[in-house]
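S.K.: Below are the sequence and a predicted model for it; my questions follow.
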Amino acid sequence: MTPHLTESQLHDLLSAKSDAAANPAQLHLADCMQCQDDFASLEQSLANFRVAATNYALLNTPPRPAIGTSAHRSFFAVRRIVWATGLASVLAVTGVTLSTLHKQAPPSTPPVPTAAAQQPVSDEALLQDIDSDLSTSVPPSLEPLDTTTTASEQTTTSTSN
């Protein structure tokens with residue numbers, strides 16, 4: 001006597017996870033009356049559950065407004081207003097953005113050459129300027145800090161003497 005099918009084997013057969021011809025459980029189910037009864041009971045339970053779930057959903061789902069009723073029209077009117085407002089907002093933001101991006105800058109006047117700018121500066125003078133800038137111990141942007149530091153050091157030194 002072969003052992004009867006387990007619950008998991010019956011569930012697999014019920015959910016059609018197994019091949020019909022090659023599965024030994026399927027062959028056993030065809031021969032064993034007790035397993036056939038268990039399988040039929042599971043099928044009936046599943047069918048009853050489907051009916052109960054469907055009925056429960058039908059009873060607990062609010063009815064949709066019928067097409068053409070005032071509730072249906074007001075729902076779609078609100079949707080149209082929301083969409084129109086959203087579209088108007090997007091268009092307004094886009095218009096403002098594009099207008100600020102495409103504003104023309106005021107026409108600039110070409111620089112007027114001055115007498116100092118027209119005088120050619122020799123390469124030696126430029127190199128000397130660069131050399132003097134590089135040889136300073138404090139960069140020009142930090143000179144105000146350097147003068148206050150030296151002034152405070154002088155004050156400290158004079159008070160300690």
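M.R.: That came through fine.
S.K.: Mean confidence (pLDDT) on the longest helix belonging to the chain, please.
M.R.: Counting by DSSP state H, the longest helix found in the chain is helix 70-101. Helix 70-101 shows a mean pLDDT of 81.
S.K.: Next, the buried residues of it.
M.R.: Buried positions in helix 70-101, judged by neighbour count with 16 or more other C-beta atoms under 10 Å: none. In this view, the C-beta of every residue, glycine as well, is placed from N, C-alpha and C.
S.K.: now the helices for this protein?
M.R.: With DSSP H as the criterion, the chain has helices spanning 7-14, 24-31, 33-60, 70-101, 115-118, 123-135, 143-160.
S.K.: domain ranges for this structure?
M.R.: 7-60, 65-96 (automatic domain parsing).
S.K.: As a markdown table, those with distance to residue 136 would be great.
M.R.: Listed next are the domains of the chain as a markdown table, based on distance: least, C-beta to C-beta, whole Å:
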| stretch | distance to residue 136 |
| --- | --- |
| domain 7-60 | 85 |
| domain 65-96 | 49 |
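S.K.: Among those, single out whichever gets nearest to residue 140.
M.R.: Of all those, it is domain 65-96 that lies closest to residue 140, at 42.4 Å by C-beta to C-beta.
S.K.: Report how many residues lie close to residue 36.
M.R.: 14 (other C-beta atoms under 10 Å).
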